[in-house]
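K.L.:
kindly generate the corresponding structure for this input.
(one chain, ligands or ions: 1)
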Amino acid sequence: MNGMTQTTQREASPVPVPTDLPADSLASGVATLSSPEVLSPEAPTPDALTPDAPTPDEAVERRRAAISPSRAKDFRQCPLLFRYRAVDRLPEPPSQAAVKGSLVHAVLEHLFDLPAPRRTEEAAQELLDPQWQELQASRPDVLSMFSGPEDLGAWLAEARSLLTQYFRMENPTRLEPAEREMLVETELASGILLRGFVDRMDVAPNGMVRVVDYKTGRSPHPRYQDEALFQMRFYALMIWRLHGRVPARLQLVYLGDGRTLTHDPKEEELVALERDLESLWATISESARSQRFAYRTSKLCSWCSFQSLCPAFGGEVPPLPPGGVEHLLTVQAV
Ligand code: SF4
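P.N.:
Here you go, the predicted structure:
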C-alpha cells in the first residue's frame, strides 16, 4: 500500500455535511480515491494534463495582487508562462475543455439555488441551455472554438453527460452547501496575500468543514494525486488561517470518470504548505525584481497559448508592460 485506497462504492453517504468521516481516514490523513472502476496504471491522459478550466480568480478585478493556486502552479511549471498570465495578463483563446468546465460549474452552482427536492438531473439539464447562452453573452469568442453546428452539438452532449455523471456521484437533494463559488482571501503572517475560489463548502452542525471542488476531466494516476491535491490544501490553508479550524475533508469530484479523491488534511501539512508558499513567493519576487522569468519546457508546453512568444519555440519575449512588476510585488505587504 502506498497510502492510497480504492473502493468500488458510490459516495459513502449522501449526508449533507462531513459528519460521516471514517475514523481511520481521519487518523491517517491519507488521500483516498473512490471509484466504480479500477485505476488505470497508464501514464496520465492528455485530459489529466490539460490545465483546468480558468477559475474565477482570473476574473478578479485588478486590485492588490495575490497568489492563487493556479498562478502558483504556473510558476512552478514555467516562470515565463506565469509572467504572461500574472504580469502581462495576455489574453488566451478559449479551449473546448476549459469552457466546458466553466459551463458545468455554472450549472452545478445554479442547481443549488433551487429548493432541495427540485435539484434533479432533469432540472440540471434544463439549466444547461440558459447557462450556455449566458456564457456566450459574456464571452462571444467561445463560438470560435467550433467548426460547425455538429461540433457544437457534440460538445454540448459531452457537457450533458458530465451532468448525468454528477448525479451518479452525489445526491444534491440531500446537500445544503454553506458556500458556493466562494472568494477566499487571506494574508499570511509573512504579509503574503493568498486568493482563491472554492467551488463548494459544506459545514456540519458541529462545525466540521468539507471543501469540494468539481473537475470535468479524469482523475489523476496515484503518482499525480499529490499535485491534484495542492489546490485543495491551498484552500484548506486559507480557510484555516481565516477561521482557525482545519477543514476535516477535502474532496475532488472528477466527473470525467466518476471518481472522487478525498483527503483529510492535518495541521502540520498546512504549516508545511505555508512555508512552501513563502519560499515560492521569495523565488517569484526575485524573478520580478530582476525582471527575469525563465522558460521551462515540459510536455505541458503542448497546451501553452504563448508558444509564439517563447524562445523554446522560436518566439521573442516582449518587454515587460509598464507597472506590471510593481503590481505583482503588491502580493506581499511591506
Ligand atoms: S511554451 Fe512551454 S516553455 Fe514556453 S512559455 Fe509556454 S509553458 Fe513555458
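
K.L.:
what lies in contact with the lengthiest helix in the chain?
P.N.:
The longest helix of the chain (DSSP state H) is helix 267-290. With contact meaning Cβ atoms under 8 Å, 6 or more residues apart in numbering, helix 267-290 is reached by 29, 67, 72, 75-76, 79, 82-83, 87, 188, 190, 192, 194, 233-234, 236-237, 240, 246, 293-294, 325, 328-329, 331-332. Where C-beta positions appear, they are placed from N, C-alpha and C, glycine not excepted.

K.L.:
then stretch 122-131?
P.N.:
103, 106-108, 110-111, 114, 156, 159-160, 163, 166-167.

K.L.:
buried residues in it, which are they?
P.N.:
For stretch 122-131, burial by neighbour count (16 or more other Cβ atoms under 10 Å) applies to 124, 127, 128, 131.

K.L.:
in TSV: those residues, plus secondary structure, pLDDT and distance to residue 93.
P.N.:
Formatted as TSV, the buried residues of stretch 122-131 follow (DSSP: H, G, I helix; E, B strand; the rest coil; pLDDT from 0 to 100; distance: Cβ to Cβ, whole Å):
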residue	secondary structure	pLDDT	distance to residue 93
124	helix	98	28
127	helix	98	26
128	helix	98	23
131	helix	98	21
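
K.L.:
out of those, which is nearest to residue 177?
P.N.:
Among the buried residues of stretch 122-131, residue 124 lies closest to residue 177 (Cβ to Cβ), at 15.0 Å.

K.L.:
show me what from this structure comes close to the ligand.
P.N.:
78, 80-81, 295-297, 301, 304, 306-307, 310, 312-313 (Cβ under 6 Å from any ligand atom).

K.L.:
now the residues you listed: which count as buried?
P.N.:
Taking 16+ other Cβ under 10 Å as the criterion, what is buried in the residues of the chain next to the ligand is 78, 80, 81, 295, 301, 304, 306, 310.

K.L.:
number of residues surrounding residue 113?
P.N.:
Burial of residue 113 is recorded as 10 neighbouring residues (other Cβ atoms under 10 Å).
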